[in-house]
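> need coordinates for the below:
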Amino acid sequence: MNHQSLSAFIWSVADLLRGDYKQSEYGKVILPFTVLRRLDCVLESTKEAVLAEHADKLKADINPEPFLLRKAGQSFYNLSPLDMKKLMGDQDHIRENLFAYIQGFSDAVRDIFERFDCYTQIERLSKAGLLYQVTERFANVDLHPDKVSNSQMGLVFEELIRKFAEISNETAGEHFTPREVIRLMVNLLFIEDDDVLAKPGVVRAIYDPTAGTGGMLSVAGEYLHEHNPDARLTMFGQELNPESYAICKADMLIKGQDVANITFGNTFSDDGHLHRKFDYMLSNPPFGVEWKKVEKEIRKEHETQGYNGRFGPGLPRVSDGSLLFLLHLISKMRPAVDGGSRFGIVLNGSPLFTGAAGSGESEIRRYVLENDLLEAIIGLPTDMFYNTGISTYVWILSNRKPEHRRGFVQLIDASGYWQKMRKSLGSKRKELSDDHIVEITRLFGQFIEASQVNEGSESKKPISRIFKNTDFGYHTITVERPMRDENGQIVLATKGKQKGKPQPDTSLRDTENVPLNEAIEDYFKREVLPHVPDAWIDHDKTKTGYEIPFNRHFYVFEPPRSLAEIDAELKQCTDRILTMIKGLSA
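Purely as a prediction, here's the structure:
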């Protein structure tokens, strides 16, 4: 059963809920019951052995926990004699038995159902007379990993969440990222480390501070397992949405990960992995979301801890916290002397250029580029995400750049690499094919400049360009001009440091951006003095800024067609119309 037909089957439970539940509340029932049935199926074959082992160890007065985990073959177990099939045998006591069954799970699983607020829903279903029917519907679907792989199960959860988000007018994209975008990011993350990751028994840690349902962590794990079955990727994450957190935790449980590594809460105000460092990181933070709720904690960390904290380089405007996630990930990088880190983050266009020299955004870009952390930025097609059609960009950062990348940044314009989806999903109308992912990965891996022929023209359009870090920097200089009296004479200052010097006229003050690679005085003589010979630079006001005008670097000027060509086309058109008119009048 593929994930679409499976999610359609599970969705049919909505028919039972209609009338007693609002559409926007369906997920509160369907998501926890889907997780419950999945865990029920996973433990089915070892159920009797676990119960027997528990009884033996209690008799021997031995802590049964490690023995039960071994018998279950999982990082969780259930001590209730019940399972979902057996629950069907006692319709009159379904509520009490279901409570008892859930309570029979080990602590980590019980926490999952508490995050779902599952007990409240069981009470509500019971009062509505629907509990037995809903439980029966789920008991009759086989979610055993032999029938539905972990990868498929992840897609089922994502499909369900997307549907619930759509009917609730919520933001589905906050919960998960399209799988092909994750595959691209994972390819980019691991490609330079293929030799290291191929070694037997290699262990690496990966982290997602906006874990959602765990899709990014799962795809990274699948990639590494395909390339080296002996390698192990230890997964860490944090998630703010209770339902997404519960699903992520359930998914990690089934994959045999330590679920203590998946924490709940706000990454900024309550970092669940304080002082931890990671080999790899992935994140798709919500686009353009304000951070006013945690402003007090963030400003305090910025002011009191400086560069010893996460936000030393600066703070972006409160209306967009994207660059805070970037700084958070930088703070989690393993030091280069200990092997270093690489991470990928999805951002919208704003972090590329928002903010003038000296602003928080510019200072963050300055920190990233002057410390040579940015490897590449890949521009994705529009309409790639479920909740927005805007342009998005994948940033790849590392503090262990290969020698040939040091001091450089690669920009890849992959906006033309897409195929139309057979059916739109929310705002998502386009997707990357496997060939697109391979080609983008090749451009990045080979670290080359490349172009392709523009459709309908002979000109070439660049798709990969390489720049020096300093190419994105500039000095903002303040150009002053003298104040003049009514006779046109320059007014001189009469006191202070400026005594005897021309007094600036603030109404004539202007600024110029001078490329970092150019001498300020040379620029001033060439671009300013020929137009305003009495001007001077106030060097005390000079600021350094950085921006990455991505689209400008890929713009190709297309000259307009000649007038003769346009006239000829118009004549063809009018001749055609005259011929048609003659035909009608005949």
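
> residue 484 versus residue 445, what's the distance?
Taking C-beta to C-beta, to the nearest Å as the measure, residue 445 falls 61 Å from residue 484. In this view, the C-beta of every residue, glycine as well, is placed from N, C-alpha and C.

> how about residue 520?
For residue 520, the distance to residue 484 - C-beta to C-beta - is 26 Å.

> count the neighbours of residue 530 for me.
Other residues lying near residue 530 total 8 when counted by other C-beta atoms under 10 Å.

> the chain should start at 44 in everything you say after this.
Let's use 44 as the start, then, which means that last one is residue 573.

> what does the pLDDT read for it?
Looking at residue 573, its pLDDT stands at 95.

> quick check, it in a strand?
No - counting by DSSP: H, G, I helix; E, B strand; the rest coil, one finds residue 573 to be coil, located in no strand.

> next, give phi and psi for it.
The main-chain torsion angles of residue 573 are listed as degrees, to the nearest 10 and equal phi -60, psi -20.

> quick one: residues contacting it.
Residues near residue 573 by C-beta atoms under 8 Å, 6 or more residues apart in numbering: none.

> how about the strands of the stretch 144-293 of the chain, start to end?
For the stretch 144-293 of the chain, strands defined by DSSP state E, counting those that start in this stretch occupy the ranges 246-251, 275-282.

> try the stretch 394-543 of the chain
Counting by DSSP E, counting those that start in this stretch, the segments of the stretch 394-543 of the chain that form strands are 417-422, 435-441, 451-456, 462-468, 471-474, 493-496, 503-511, 516-523.

> sheet-wise, list the partners of the fourth one with their directions.
Spelled out, it's strand 462-468. Taking DSSP bridges as the criterion, strand 462-468 forms sheet pairs with strand 471-474 (antiparallel).

> starting at the chain centroid, how far to the partner strand?
In terms of C-alpha atoms, centre = their mean, to the nearest Å, the gap separating the centre of strand 471-474 from the centre of its chain is 17 Å.

> just name the most buried of the strands of the stretch 144-293 of the chain.
Of those, the one with the most neighbours on average (mean count of other C-beta atoms under 10 Å) is strand 275-282, at a mean of 22.

> for the strands of the stretch 144-293 of the chain, give me a markdown table that also has mean pLDDT and distance to residue 47.
Conversion of the strands of the stretch 144-293 of the chain to a markdown table gives the following (pLDDT from 0 to 100; distance: least, C-beta to C-beta, whole Å):
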| stretch | mean pLDDT | distance to residue 47 |
| --- | --- | --- |
| strand 246-251 | 94 | 25 |
| strand 275-282 | 94 | 25 |
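
> any stretches of the protein with poor pLDDT?
For the chain, the stretches flagged by pLDDT under 70 are 44-46, 208-219, 498-501, 629.

> distance of the residue nearest the centre of it from residue 406?
Residue closest to the mean C-alpha point of the chain, counted by C-alpha atoms, centre = their mean, is residue 327 at 0.9 Å. From residue 327 over to residue 406 the distance is 24 Å, taken as C-beta to C-beta.

> where along the stretch 194-343 of the chain do the helices fall?
Ranges of helices within the stretch 194-343 of the chain are 222-233, 237-240, 258-270, 285-297, 338-348, based on DSSP state H, counting those that start in this stretch.
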